[in-house]
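Undergrad: Let me see the structure of the following:
(chains A and B)
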Amino acid sequence: METSELLKRVRKIEIKTRTLSKQIFSGQYHSAFKGRGMAFSEVREYQSGDDVRFIDWNVTARFSRPYIKVFEEERELTVMLLVDVSASGDFGTNRPKRESISEIAATLAFSAVQNNDKVGAIFFSSEVEKYIPPKKGKTHLLHIIRELIDFHASKKGTDIGEALKFLRNVQKRKSTAFLLSDFMASGYEEALKIACKAHELIAIQVYDPLEAQLPDWGLLRLHDNESGQEIMVDASSEYNRKAFARYYEEERRQRENLMSKYGITHASISTEEDFVKPLINMFSRL
Amino acid sequence: MENIVFENPGLLWLLLILPLVGYWLFAKDKKTRPYLHYSDTRVGGKLKKTWKIRLYPVLNVLRLLCIALLIVALARPQTKSKNSRKNIEGVDIVMAMDISGSMLAEDFKPNRLESSKQLAKEFIQARESDRIAIVAFSGEAYTQCPLTIDHGILENRLKELQSGVIPDGTALGDGLAVAINRIRQSDAKSKVVILLTDGVNNAGSIDPLTAADIAKTFGIKVYTIGVGTRGLAPYPFRTPFGIQYQNTKVEIDEELLGQIAEETGGRYFRATNENNLKEIFNEIDQLEKTKIEVVSFEHRSEEYKPLLWCALVLLLLEITGRLFVFKTLP
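TA: As a prediction, this is how the structure comes out:
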């Protein structure tokens, strides 16, 4: 990708996501992530119902009216973006899943920067491809976005467990970790279990409508981007279409059960739909 | 359809490329055909292999068959039908057989007449393109069978010959004259009389030498065969007490026969036993060669059309299959 084109896209994503992140996370994001400890923010007049423990007696004495200390959650949060760059992301009906994932990641990164949080990123396929340590600032943000847009993975597979393990190794402090993937992998349960104890884990699955439902398109020749396996599928068979949908549903149900079991917030976002709404929904559930 | 020949049989070697094409169609299918790059094909195990997927390779088979048919059509198969026309310049032969009582002598087995008939029959069978007539004579002469190409009839008529139907004696001249009369007007290049006798001219109204002269005038060759052993031969005689045999001296006018033969450009043979007679017939057979000119035409008709139709149908089947039934994506 040409640099100028890349910059254009970075700009576009920046503008798009900046407005988006303002929209979405003006309220929710703030309270959604529980910070470590409390930071004093301001004092205001006491109103009935406020906790008497937080009355600032010095100010109260000075103004002879009750004042109360207002705290804010500490904003020194770290947001980690675990981005799946495996080959399965190349698939997509109108646009590749990877693009969706990149946009969501960029939006999240913007929000984090606006909230003055540190943002870091881990790009993974079957191994960790790239690690961008968390930092603050707009320059860093643009660096992450640039990488999101123009990163080429060296491996094709997907190993979510490996990425989670890596996260635990590099990020000792508790962070908010967004796991952005199509979750076309298995055997990550153990790592998930361990990671969700150390970090606030949020799983966002990106899928394509064609992965959920097989349209009646006759005989389909499919090439597995990750394993390279090539198969022929008869999509004109009613049975096959049902089995296909059932398979997807089954996978989805299992994954959601797994997430619920460990209390991990999760959402499924289609490449076709606008990802804002599901994200808002998800954060409102926090 | 059994006579199929190929005009360009060398092109059939092209069939050798079929395995290559097959390899290309089947093994390289994955490389030559586009595949949808999909995220995850593990679902494949859950799906049924429907008849469409199973039958899909048949399309390639159809293509192969189509190519094979095209190659075969290219080699120009033709059906051959042979029309031959024989131009035969046959020889006209009259077999003049002596059926006098002396022919019953049993120095030949079973007797001279039967033995001669048998050998004459073989002779007739061997000369299938000649017209042959049979004349029988003893005290008089008559035509047993006129000149004919129909050998079936000839053989039948020959079998019917027997001694004793006409007055006994040996009218050599009459026999020869009747034979000449039969053959006289024929336009055959070569006219032959085979005169088979066992005695001396002792009856008839025509002198044998006169008859020979006539033969010579008409350009007829006369082969004469004298039948009978030298010395004594057993003649059967019918007596009130059954058949009695009596040894009688064999008398053959060899000089006369030789003269007749010589006059007409034929030859005189003397047969003393069956084998001898057989050899003589063979020799005459050799002497009188038949000229046969065979003009054969070979008619060939092109048979590529049904093949091409089949190929077209197969191709259309394949295309319809690919377009409608076995529609693939991408």
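Undergrad: got a list of what A:Val83 touches?
TA: A:Ile101, A:Ser102, A:Ala105, A:Ala121, A:Ile122, A:Phe123, A:Phe124, A:Leu148, A:Leu180, A:Ser181 (Cβ atoms under 8 Å, 6 or more residues apart in numbering or on different chains). Quick note: C-beta positions are derived from backbone N, CA and C, even for glycine.
Undergrad: Would you check how far apart it and chain B are?
TA: Relative to chain B, A:Val83 is positioned 16 Å away (criterion: Cβ to the nearest Cβ, to the nearest Å).
Undergrad: what's near enough to touch B:Asn247?
TA: Going by Cβ under 8 Å, 6+ apart, B:Asn247 touches B:Leu232, B:Ala233, B:Pro234, B:Tyr235.
Undergrad: Quick one: buried ones out of those?
TA: Buried members of the contacts of B:Asn247, scored by 16 or more other Cβ atoms under 10 Å in any protein chain shown, are B:Ala233, B:Pro234, B:Tyr235.
Undergrad: Hmm, B:Leu59 and B:Glu318 touching each other?
TA: Yes. At 5.3 Å, B:Glu318 and B:Leu59 qualify as touching, with contact defined as Cβ atoms under 8 Å.
Undergrad: Sort out for me which of the contacts of A:Val83 are in strands.
TA: Those of the contacts of A:Val83 mapping onto strands are A:Ala121, A:Ile122, A:Phe123, A:Phe124, A:Leu180, A:Ser181, per DSSP state E.
Undergrad: Go ahead and confirm A:Gln229 touches B:Thr41.
TA: Yes. Judged on Cβ under 8 Å, A:Gln229 makes contact with B:Thr41 at a distance of 5.2 Å.
Undergrad: Show me what the helix or strand that contains B:Leu158 packs onto, helices and strands only.
TA: For B:Leu158, the element it lies in under DSSP states H and E is helix B:151-160. Packed against helix B:151-160 by the contact rule (3 or more Cβ pairs under 8 Å, 6 or more residues apart in numbering or on different chains; DSSP states H and E) you find helix B:112-126, strand B:131-137, strand B:141-148.
Undergrad: Buried deepest among those, which one?
TA: Mean neighbour count (mean count of other Cβ atoms under 10 Å in any protein chain shown) peaks for strand B:131-137 among these, with a mean of 26.
Undergrad: And the lowest mean pLDDT element among the helices and strands of the chain?
TA: All of this is about chain A. helix A:28-32 (a mean of 48; mean pLDDT, DSSP states H and E).
Undergrad: actually it's chain B I care about, not the one you picked
TA: Going by mean pLDDT, DSSP H and E, chain B bottoms out at helix B:29-32, a mean of 66.
Undergrad: Report the next helix or strand after it in sequence order.
TA: Following helix B:29-32 in sequence order, the next helix or strand is strand B:36-38 (DSSP H and E).
Undergrad: next one: that following strand to chain centre, how far?
TA: 74 Å (Cα atoms, centre = their mean, to the nearest Å).
Undergrad: quick one: it near chain A?
TA: Yes. Judged by Cβ under 8 Å from any Cβ of the partner chain, strand B:36-38 and chain A are in contact via B:Leu36, B:His37, B:Tyr38.
Undergrad: now the residues you listed in CSV, with pLDDT?
TA: Listed next are these as CSV, based on pLDDT from 0 to 100:
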residue, pLDDT
B:Leu36, 83
B:His37, 84
B:Tyr38, 86
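Undergrad: can you tell me which of those lies nearest to B:Gly226?
TA: Closest approach to B:Gly226 among the residues of strand B:36-38 next to chain A (Cβ to Cβ): B:Leu36, at 104.4 Å.
Undergrad: Next one: the residue of chain A positioned farthest from its centre from A:Tyr46, what distance?
TA: Distance from the C-alpha centroid of chain A, by Cα atoms, centre = their mean, peaks at A:Ser64 (48.5 Å). When distance is defined by Cβ to Cβ, to the nearest Å, A:Ser64 is 12 Å away from A:Tyr46.
Undergrad: which bits of chain A sit near chain B?
TA: Residues of chain A found near chain B (Cβ under 8 Å from any Cβ) are A:88-91, A:97, A:182, A:184, A:208, A:211, A:217-227, A:229-237, A:239-240, A:243-244, A:246-248.
Undergrad: Filter those residues down to the buried ones, ChimeraX style.
TA: Buried members of these, defined by 16+ other Cβ under 10 Å, are picked up in ChimeraX with:
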select /A:88,89,90,91,97,182,184,208,211,217,218,219,220,221,222,223,224,225,226,230,231,232,233,234,235,236,237,240,243,244,247,248
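Undergrad: Render the CA-only coordinates of stretch A:127-147 in CSV, please.
TA: The C-alpha coordinates for stretch A:127-147 follow below in CSV (Å, rounded to 0.1, in the frame of the first residue of the first chain):
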residue,chain,number,x,y,z
GLU,A,127,2.1,-16.8,17.0
VAL,A,128,2.4,-13.2,18.2
GLU,A,129,3.3,-11.3,15.2
LYS,A,130,3.8,-7.8,16.6
TYR,A,131,3.7,-6.2,20.0
ILE,A,132,3.2,-2.5,20.4
PRO,A,133,3.7,-1.6,24.1
PRO,A,134,1.0,0.6,25.6
LYS,A,135,1.6,4.3,25.5
LYS,A,136,-0.3,7.5,25.7
GLY,A,137,-0.7,10.2,23.1
LYS,A,138,-1.9,10.8,19.6
THR,A,139,1.3,10.0,17.8
HIS,A,140,1.2,6.6,19.3
LEU,A,141,-2.4,6.1,18.4
LEU,A,142,-1.6,7.0,14.8
HIS,A,143,1.2,4.5,14.9
ILE,A,144,-1.2,1.8,16.0
ILE,A,145,-3.7,2.7,13.3
ARG,A,146,-1.0,2.6,10.7
GLU,A,147,0.0,-0.8,11.8
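Undergrad: Can you show me the strands along chain A?
TA: Counting by DSSP E, the strands of chain A are A:38-45, A:67-73, A:78-84, A:118-124, A:128-135, A:176-181, A:200-207, A:219-224, A:230-234, A:265-270.
Undergrad: Chain B too?
TA: Along chain B, the stretches classed as strands by DSSP E are B:4-6, B:36-38, B:77-89, B:91-98, B:131-137, B:141-148, B:190-197, B:220-227, B:232-239, B:242-249, B:268-271, B:291-302, B:328-329.
Undergrad: And the fifth one, how far out from the chain middle?
TA: Put plainly, it is strand B:131-137. 23 Å.
Undergrad: cool, the longest one as well?
TA: Per Cα atoms, centre = their mean, the displacement of strand B:77-89 from the mean C-alpha position of its chain is 14 Å.
Undergrad: ok, and for it, which residues are buried?
TA: B:Pro77, B:Gln78.
Undergrad: strand partners of that strand, parallel vs antiparallel please.
TA: Using DSSP bridges, strand B:77-89 pairs in its sheet with strand B:4-6 (antiparallel), strand B:291-302 (antiparallel).
Undergrad: Where does pLDDT dip in the chain?
TA: Let's take chain A. Chain A contains residues with pLDDT under 70 at A:1-39, A:72-76, A:285-286.
Undergrad: try again with chain B
TA: B:1-2, B:29-32, B:86-88, B:290-294.
Undergrad: Alongside chain A, which residues does it contribute?
TA: Within reach of chain A by Cβ under 8 Å from any Cβ, chain B has these residues: B:30, B:33-44, B:46-50, B:52-53, B:56, B:326-330.
Undergrad: Now which of those would you call buried?
TA: Buried members of the residues of chain B next to chain A, scored by 16+ other Cβ under 10 Å, are B:35-36, B:38-41, B:43-44, B:47, B:50, B:52-53, B:56, B:326, B:328.
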